[in-house]
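Asks: I would like the atomic coordinates for the input below:
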Amino acid sequence: AHIIAGDDVSLLSKVSFDAEAETTGIGGGIIGVGVSLAYAKSGKSGESHVQTYIGDADILAGHDVEVVSDAYHDAWAKSLGVSGGIVSGSGNVSEATIEPTVNAWIQAGATVTAGNDVTVTAGTVVTAESETLGVDGGGLAVGVSQAESIVSPHVTAYAGGSGSTITADTLMVAASLSYPSGGYSAKSNATGSVGGLIGINATESTAKTTGTVTSYVADNTTLSIGESIAIQATGDSKQKADGDSYFGGLVAAGGNVVDAVSDVTTNAYLGNGVTVSAGDVIGGLTDGRVYYVVVDRTRHFSPVNDISGDQIDLGPGHGLVTGDLVIYRTSKDNNPVGGLIKDQTYSVVVDGSKISLVDTDTNSPVTGLDGSVATGTDHRFDIVNPRLIKLASSFSNATADTPQTLDLSDPSIFGSDHRLEPYQSSLGQA
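Replies: Numbers count the residues shown, from 1 in each chain. Alright, predicted model coming up:
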């Protein structure tokens with residue numbers, strides 16, 4: 001296919017899936033072997049696909065080329081009210097499952113030319129919730145009150161391949177997994193299991209998010225990009241599992257079993273043999289010169305200007321992701337921010353340039369931040385495991401109390417194949 005457009009070429013797949021299941025009220029007799037089961041599935045593994053792509057085509061657009069797959073998946077399951085008899089063989093089960101595949105891509109062999117931007121994005125917002133209430137066992141109660149929320153999406157965005165050329169001012173290839181604002185990707189709640197003479201397990205509650213988020217430029221693609229190339233993969237998840245109200249019998253072999261698991265794999269990369277020309281500029285560097293690495297571990301903020309509600313604005317490029325650990329620091333003569341403790345370690349939840357904090361001892365959100373009670377100017381977070389670096393031109397600049405680092409925004413180096421290589425000293429130390 002050959003497509004010429006004076007403005008934009010846009011391909012969009014936008015879908016919303018909503019699955020609900022609810023069961024209520026089963027009563028057993030002398031032998032209560034009945035169960036109350038609720039299963040809700042939104043996006044079945046191997047069958048639910050949201051796909052948007054440009055095939056082996058030649059496309060010329062005056063402005064932008066967009067390839068977008070956007071999906072929302074919601075699964076809700078609730079199971080209520082099972083009463084067993086003298087022998088109660090099973091209980092309540094609710095399962096909410098989300099297992100979609102969301103893809104967006106530009107295929108190998110395609111030639112895409114845009115006057116402005118080329119964007120390839122695949123994303124899904126997911127929320128699975130399960131709730132199980134009210135299991136009564138008999139003389140022998142071996143059933144459980146079980147709630148399970150499982151989210152396992154596979155999200156992929158890629159551009160190019162052998163024989164493919166992409167020409168534009170900017171290229172963005174992004175894949176994302178997220179959850180609704182104020183909600184969870186997976187949430188489960190199991191309550192109210194009453195055992196008899198022998199109780200095996202009272203409640204089992206599992207909230208689990210797995211899956212993959214992958215973004216890449218495929219092998220042997222030719223890129224001619226005047227300004228910037230961004231390859232991003234974002235896997236945000238949040239889980240909550242609750243289990244309570246267990247009353248065992250004379251012999252209680254188990255109790256509440258609660259699991260909240262996050263195990264999302266994210267990958268973003270340029271493939272082998274990718275050719276890049278007219279790339280970003282890098283300022284302040286000289287090819288072949290030795291520079292000294294300064295680990296970028298500190299983020300300063302103003303208590304008065306940067307705190308809003310329970311969020312702290314660290315500005316763009318802070319380099320943090322949800323789950324990172326930071327330590328709140330301030331000078332010994334300063335009063336700390338209200339709601340924070342000096343030298344305390346917190347986990348962060350990232351919202352763009354802003355973060356909120358979670359107490360690592362209680363796993364509870366930090367609320368009631370008050371910048372007005374803080375004194376002094378030296379308020380900062382030290383990142384426990386920093387991933388960004390700065391560069392200094394000398395050892396003394398790198399090791400100064402306030403390191404003197406280079407400004408990399410002044411244009412001086414153009415093109416592709418920019419890299420930093422470890423320097424081997426005469427003492428055999430890198």
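Asks: Run through the neighbouring helices and strands of the host helix or strand of Val93.
Replies: Using DSSP states H and E, Val93 maps to strand 92-98. Judged by 3 or more C-beta pairs under 8 Å, 6 or more residues apart in numbering; DSSP states H and E, the packing partners of strand 92-98 are strand 36-42, strand 65-83, strand 117-136, strand 145-151. C-beta here means a position set from N, CA and C on the backbone, and glycine is covered the same way.
Asks: Touching the helix or strand just after that strand from outside, list them.
Replies: Sequence-wise, the next helix or strand downstream of strand 92-98 (DSSP H and E) is strand 101-106. With C-beta atoms under 8 Å, 6 or more residues apart in numbering as the test, strand 101-106 has contacts from 13, 43, 46, 48-54, 67-69, 71, 112, 118, 120-124, 153-160, 164, 166.
Asks: Produce a PyMOL select command limited to the buried residues of these.
Replies: Entered in PyMOL, the line below selects the buried ones among those, by 16 or more other C-beta atoms under 10 Å:
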select buried, resi 13+43+48+50+52+53+54+67+68+69+71+112+118+120+121+122+123+124+153+154+155+156+157+158+159+160+164+166
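Asks: quick one: contacts for Pro121?
Replies: Just to correct that, residue 121 is Thr rather than Pro. Thr121 makes contact with Glu66, Val67, Val68, Ser69, Asp70, Ala104, Ala157, Met172, Val173, Ala174, Ala175, Ser176, according to C-beta under 8 Å, 6+ apart.
Asks: Let me know the pLDDT of it.
Replies: pLDDT recorded at Thr121 is 97.
Asks: Look up which residues are beta-bridged to it.
Replies: Residues in a beta bridge with Thr121, per DSSP bridges, are Val68, Ala174.
Asks: And the pLDDT at the nearest residue to Thr367 once chain neighbours are set aside?
Replies: Distances taken as C-beta to C-beta, 6 or more residues apart in numbering place Asp310 nearest to Thr367, at 5.2 Å, with adjacent residues excluded. The score at Asp310 is 94. That number is its pLDDT.
Asks: Verify the contact between Thr132 and Thr191 for me.
Replies: Yes - the criterion here is C-beta atoms under 8 Å, and Thr132 meets it with Thr191 at 7.3 Å.
Asks: Let me see the contact set for the residue nearest the centre of the chain.
Replies: Nearest to the mean C-alpha position of the chain, by C-alpha atoms, centre = their mean, lies Asp236 at 1.5 Å. For Asp236, the contact set (C-beta under 8 Å, 6+ apart) comprises Ser176, Leu177, Ser178, Tyr179, Ser185, Thr322.
Asks: And it, how far from Ala398?
Replies: 34 Å (C-beta to C-beta, to the nearest Å).
Asks: go on, Thr221?
Replies: In terms of C-beta to C-beta, Thr221 sits 37 Å off from Ala398.
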